[in-house]
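>>> Build me a model from this:
(6 chains)
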There are 6 protein chains.
Amino acid sequence: MSTVKPVEYSDASPAVRAVFDDIKTSRNVPDVNNFWKYLARDPVTLKRTWESVKEVMAPGALDPLTKEMIYLAVSAANGCDYCIAAHTAGARRAGMTPAMRGELLAVVGMACETNSLADAYQIPVDERFRDPDPDTD
Amino acid sequence: MSTVKPVEYSDASPAVRAVFDDIKTSRNVPDVNNFWKYLARDPVTLKRTWESVKEVMAPGALDPLTKEMIYLAVSAANGCDYCIAAHTAGARRAGMTPAMRGELLAVVGMACETNSLADAYQIPVDERFRDPDPDTD
Amino acid sequence: MSTVKPVEYSDASPAVRAVFDDIKTSRNVPDVNNFWKYLARDPVTLKRTWESVKEVMAPGALDPLTKEMIYLAVSAANGCDYCIAAHTAGARRAGMTPAMRGELLAVVGMACETNSLADAYQIPVDERFRDPDPDTD
Amino acid sequence: MSTVKPVEYSDASPAVRAVFDDIKTSRNVPDVNNFWKYLARDPVTLKRTWESVKEVMAPGALDPLTKEMIYLAVSAANGCDYCIAAHTAGARRAGMTPAMRGELLAVVGMACETNSLADAYQIPVDERFRDPDPDTD
Amino acid sequence: MSTVKPVEYSDASPAVRAVFDDIKTSRNVPDVNNFWKYLARDPVTLKRTWESVKEVMAPGALDPLTKEMIYLAVSAANGCDYCIAAHTAGARRAGMTPAMRGELLAVVGMACETNSLADAYQIPVDERFRDPDPDTD
Amino acid sequence: MSTVKPVEYSDASPAVRAVFDDIKTSRNVPDVNNFWKYLARDPVTLKRTWESVKEVMAPGALDPLTKEMIYLAVSAANGCDYCIAAHTAGARRAGMTPAMRGELLAVVGMACETNSLADAYQIPVDERFRDPDPDTD
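Next up, the predicted model:
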């Protein structure tokens, strides 16, 4: 249970409605999800966050499914319940099959394990991990 | 600087050499990286971790590049310097271009931001994120 | 649901009651919150933690509102549900308005995003961030 | 040591230079810091991140010093070396004294301790932490 | 509420049943806990994770109680509700008394506090923490 | 490199010297380590933190070696370089052998992996993890 109440469309200011409308149109959904309704308590953050998410998640060098899976992987590593649920739904919509989800979460778990081992053993970075021509990246 | 010394091939026990040999063959590399040399101080963990990584990172429902990028994303979220360097190198070898890396890290950053906002606003999970037929997943 | 039961005042030992009494007097509240009732299962930790919190949160170079907001910011970054709720309430009591809360959480989110980007890009610290005269700090 | 090279002004594209110029003007500094030089490897992320930081850190319901201290607190909780150094410098410039820094870090440490205790004891949120009139927040 | 459904023994494939049987026999319990029932949606991860846990948690240089307490400590530091509950139960079964639990969680809290302070003050590692003869470790 | 300078005994105020003296006597060491020298920039935090550490790490229901190992485990999970180094040294002094360290870190790694899996699969807590008689704990 949150300490704030969500903003529903019927109660929203014109500025908030404009963001809600853009989300609904961009995603072709009948209503925005709770994340946006709660964030709407701070209209400036609502607008900035939506515009950033829209830009970051647009197809580019990576396709939408890969981006949703990376979002899910980070949310799982951070243990954020809401975002795990939201981006599991998002990745499924974008084509993630149960087998892909299984492998994705196995990689997340393995990364968390080896991250802690690399820290715990204080392992120095190998010289050859350095790019021979970093200017090109 | 670590509090343990790495195990070099020339000083390794037969059990450790067997793992090192398998890593070199599987990855077609002349030497194993520091992660394995330090982990070799505990041969049981070395063997189990390598066998797990080999199984988890093998191509399956997800291709090797996607797996390396997910590994890198989680390592960045966890702030593990060694693993960020190692899996940046790994993802590059698997085909990650500078443009893909830029978009991947943008998703990681956005996920970390919205993870903290979802936690901070204590946003309840939307009912529609629940699978209508979770038996099939 | 916790795996331990809270200690209510009526069932508390004299040592626990003394801490509960000090909390109620110091904060001018009719009852202590759940944090202290559960911690009371370990009276030594209860006493030490309360004395530390009382010292740390007392007005000094920083005023109580700023301290409550910093506590809330860290709790949000750590994703601790209980502490987010408790210190949202505490910061409101100390004067945090809805507009202040909105800006505070926007800073938290932005910090989490750029923290992950700085780690991911392995950015070296600028020399000029070093204090020219650190003796004075 | 990073796996990418920073972008210096003399080598920057017009789009990157425009962001660098805006940072230098807005902050009245002769050069941008490393964070922006490395992020410039991805000009889209550079532009979006700078615009977000500029909006979030502008004075509003919270003054710039409070915002810098919250940024520092979150960076310390997340253990991000670069951001701790950068926002220690930023908070000092905005007026943070050594005594304020000492108290700020004491609150961060105490929050991290009680966050882990609240999680570990699985303490349920007190009903009275819920706002009696959340519509107004 | 999870986005997947657990796999019950009666509905499990032979491969999943074989793992469930081994867990029940090894731990002398009538049924496996939810962790394994949900992981069973990905039989490969189920098998690998169980085999790893069985190997890691077996008595060796450290006794089972110490291992369960370390597992609980890490789970508390990571804020994982499920694992805190599971390994509190596990440590109790292995002999953890209420007094031991109290001291364990006090150490966890203190470590989280000083971890954040050591990061925040960017304290350099003392030379004498380096082993004079790390070859022997 | 830190943004503050450590306080050496010769430059310390009487209040700081009193804490340094108590550390040296309690631990039977010729000098305090860097953690205390940097914390001494804030004498109030220095005194409170030392008194808390002394109380928490004293032998009780858990022996000093177990406490040091738990401290190391949490520091590894949190990725705190300084504390990993300090408490590896502390645990060794208290009797941790290389074999014990190997098993300890293997448990840490496994806990980090299963913590992320339990979060990612959003696994509900088993009813039987609840204590049948929590009053006694």
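>>> Grab the most central residue of chain A for me.
For chain A, the residue lying nearest the average C-alpha position, counting by C-alpha atoms, centre = their mean, turns out to be A:Tyr71 (3.7 Å).
>>> so how far is the helix or strand hosting that one from its chain's centroid?
Assigning secondary structure by DSSP states H and E places A:Tyr71 in helix A:64-78. Going by C-alpha atoms, centre = their mean, to the nearest Å, the spacing between the C-alpha centre of helix A:64-78 and its chain's C-alpha centre is 6 Å.
>>> After that helix, which helix or strand is next?
In the C-terminal direction, the helix or strand that comes right after helix A:64-78 (DSSP H and E) is helix A:81-93.
>>> doesn't A:Ala106 make contact with A:Ala99?
No: between A:Ala99 and A:Ala106 there is no contact, the gap being 10.8 Å when judged by C-beta atoms under 8 Å. No exception for glycine: its C-beta is placed from N, CA and C like everyone else's.
>>> Compare the two (neighbour count), which wins?
Per other C-beta atoms under 10 Å in any protein chain shown, whichever of A:Ala99 and A:Ala106 has more neighbours is A:Ala106, with 27 against 15.
>>> who are the neighbours in contact with the residue of chain A found nearest chain E?
Nearest residue of chain A to chain E (C-beta to the nearest C-beta) works out as A:Gly102 at 3.2 Å. Neighbour list for A:Gly102: B:Ala61, E:Arg41, E:Asp42, E:Val44, E:Thr45 [criterion: C-beta atoms under 8 Å, 6 or more residues apart in numbering or on different chains].
>>> Please verify my assumption that A:Ser26 contacts A:Val53.
No: under the contact definition of C-beta under 8 Å, A:Ser26 does not touch A:Val53, with a separation of 9.9 Å.
>>> Which positions in the helix of greatest length in chain A come out as buried?
The helix that spans the most residues within chain A, counting by DSSP state H, is helix A:98-120. Residues of helix A:98-120 classed as buried by neighbour count (16 or more other C-beta atoms under 10 Å in any protein chain shown): A:100-120.
>>> Report the rounded mean pLDDT for it.
Summarised as a single mean, pLDDT over helix A:98-120 is 98.
>>> Take it, keep the C-alpha atoms, and write them as PDB.
Taking only C-alpha atoms (Å, rounded to 0.1, in the frame of the first residue of the first chain), the coordinates of helix A:98-120 have been written out as PDB:
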ATOM      1  CA  PRO A  98       8.900 -19.100 -21.400                       C
ATOM      2  CA  ALA A  99      12.100 -20.700 -22.600                       C
ATOM      3  CA  MET A 100      13.700 -17.300 -23.200                       C
ATOM      4  CA  ARG A 101      12.600 -16.100 -19.800                       C
ATOM      5  CA  GLY A 102      14.100 -19.200 -18.200                       C
ATOM      6  CA  GLU A 103      17.400 -18.600 -19.800                       C
ATOM      7  CA  LEU A 104      17.300 -14.800 -19.200                       C
ATOM      8  CA  LEU A 105      16.800 -15.400 -15.400                       C
ATOM      9  CA  ALA A 106      19.500 -18.000 -15.400                       C
ATOM     10  CA  VAL A 107      22.000 -15.500 -16.800                       C
ATOM     11  CA  VAL A 108      20.800 -12.900 -14.200                       C
ATOM     12  CA  GLY A 109      21.400 -15.400 -11.400                       C
ATOM     13  CA  MET A 110      24.800 -16.400 -12.700                       C
ATOM     14  CA  ALA A 111      25.800 -12.800 -13.100                       C
ATOM     15  CA  CYS A 112      24.800 -11.900  -9.500                       C
ATOM     16  CA  GLU A 113      26.800 -14.900  -8.300                       C
ATOM     17  CA  THR A 114      30.000 -14.100 -10.200                       C
ATOM     18  CA  ASN A 115      29.700 -10.400  -9.500                       C
ATOM     19  CA  SER A 116      29.900 -11.100  -5.800                       C
ATOM     20  CA  LEU A 117      32.700 -13.600  -6.300                       C
ATOM     21  CA  ALA A 118      34.800 -11.100  -8.400                       C
ATOM     22  CA  ASP A 119      34.200  -8.500  -5.700                       C
ATOM     23  CA  ALA A 120      35.000 -10.900  -2.800                       C
END
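>>> Just give me how far that helix sits from the chain centre.
With C-alpha atoms, centre = their mean as the basis, the mean position of helix A:98-120 lies at 17 Å from the chain mean.
>>> export stretch A:17-34 as PDB, just CAs?
In PDB, the C-alpha atoms belonging to stretch A:17-34 read as follows (Å, rounded to 0.1, in the frame of the first residue of the first chain):
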ATOM      1  CA  ARG A  17      -3.700  14.200 -19.400                       C
ATOM      2  CA  ALA A  18      -1.400  15.100 -22.200                       C
ATOM      3  CA  VAL A  19       1.200  12.700 -21.000                       C
ATOM      4  CA  PHE A  20      -1.400  10.000 -20.300                       C
ATOM      5  CA  ASP A  21      -2.800  10.500 -23.800                       C
ATOM      6  CA  ASP A  22       0.600  10.200 -25.400                       C
ATOM      7  CA  ILE A  23       1.300   7.000 -23.500                       C
ATOM      8  CA  LYS A  24      -2.000   5.500 -24.500                       C
ATOM      9  CA  THR A  25      -1.400   6.400 -28.100                       C
ATOM     10  CA  SER A  26       2.200   5.300 -28.300                       C
ATOM     11  CA  ARG A  27       1.500   2.000 -26.700                       C
ATOM     12  CA  ASN A  28      -2.000   1.500 -28.100                       C
ATOM     13  CA  VAL A  29      -3.400   0.700 -24.600                       C
ATOM     14  CA  PRO A  30      -6.800   1.700 -23.100                       C
ATOM     15  CA  ASP A  31      -5.300   3.000 -19.900                       C
ATOM     16  CA  VAL A  32      -1.800   3.800 -18.400                       C
ATOM     17  CA  ASN A  33      -0.400   1.500 -15.800                       C
ATOM     18  CA  ASN A  34       0.000   2.300 -12.100                       C
END
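>>> near chain B, anything from it?
Yes: part of stretch A:17-34 sits close enough to chain B to count as contact by C-beta under 8 Å from any C-beta of the partner chain, namely A:Asn33, A:Asn34.
>>> what comes up buried for that stretch?
Of the residues in stretch A:17-34, those buried by neighbour count under the rule 16+ other C-beta under 10 Å are A:Val19, A:Phe20, A:Ile23, A:Val32, A:Asn33, A:Asn34.
>>> The second one is in what secondary structure piece?
When elements are assigned from DSSP H and E, A:Phe20 belongs to helix A:14-27.
>>> hmm, back to that, can you tell me which residues contact the residue nearest to the centre of chain A?
For A:Tyr71, the contacting residues are A:Met57, A:Cys83, A:His87, A:Gly90, A:Ala91, B:Val107, B:Met110, B:Ala111, taking C-beta under 8 Å, 6+ apart as the criterion.
>>> how close does it sit to chain F?
A:Tyr71 sits 13 Å away from chain F, taking C-beta to the nearest C-beta, to the nearest Å as the criterion.
>>> For the closest residue to chain C within chain A, which non-adjacent residue is spatially closest?
Nearest residue of chain A to chain C: A:Asp42, at 3.2 Å (C-beta to the nearest C-beta). Using C-beta to C-beta, 6 or more residues apart in numbering or on different chains and skipping the chain neighbours, the partner closest in space to A:Asp42 is C:Gly102 (3.2 Å).
>>> for chain C, what are the nearby residues on chain A?
By the criterion of C-beta under 8 Å from any C-beta, the positions of chain A lying close to chain C are A:Thr3, A:Arg41, A:Asp42, A:Val44, A:Thr45, A:Arg48, A:Thr49, A:Asn78, A:Gly79, A:Cys80.
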